[in-house]
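Enquirer: Structure of the sequence below:
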Amino acid sequence: MKLHGVGAKIADCVLLFAGGFPLAFPVDVWVMKALRQLYFPRRRIGMARLKRFTESHFGPHAGYAQQYLFHYMRHYANES
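Expert: Numbering: from 1, shown residues only. Prediction:
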């Protein structure tokens, strides 16, 4: 993240998809919505707490769970 323009999400994407670190859990708007709707409804939760939750709940392959959450929110969450 020392490179200009690279934040936590991009760093986690690189770690997950190119670096072979399945514990990396990139959080974008869609993943944040999924976590809040599915696991923390009606509660405000910060990024630090979400990070601890994803590490403990999804375990060493959290990055793969992230992909399912992202896909679900993009394709199925808004269906009636």
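Enquirer: ok, now which ones touch the residue positioned nearest the centre of the chain?
Expert: What sits nearest the mean C-alpha location of the chain, by C-alpha atoms, centre = their mean, is V27, with 3.6 Å. By C-beta atoms under 8 Å, 6 or more residues apart in numbering, V27 lies in contact with A8, K9, D12, L35, M47, L50, K51, Q66. For glycine as for every other residue, the C-beta is placed from the backbone atoms N, C-alpha and C.
Enquirer: which SS class is R43?
Expert: Put simply, R43 is coil when judged by DSSP: H, G, I helix; E, B strand; the rest coil.
Enquirer: check contacts around it.
Expert: R36.
Enquirer: what about this structure, any weak spots by pLDDT?
Expert: Filtered on pLDDT under 70, the chain yields the residue ranges 79-80.
Enquirer: same thing but at 90, please
Expert: By pLDDT under 90, the low-scoring segments of the chain are 1-2, 42, 44-48, 50-51, 75-80.
Enquirer: Now do the helices in it.
Expert: In the chain, the helices defined using DSSP state H lie at 8-13, 29-39, 47-58, 62-75.
Enquirer: List just the one of the ones you listed that sits closest to F21.
Expert: Among the helices of the chain, helix 62-75 comes nearest to F21, with 7.3 Å by C-beta to C-beta.
Enquirer: For the closest one, which helices and strands make contact with it?
Expert: For helix 62-75, the packing partners by 3 or more C-beta pairs under 8 Å, 6 or more residues apart in numbering; DSSP states H and E come out as helix 29-39, helix 47-58.
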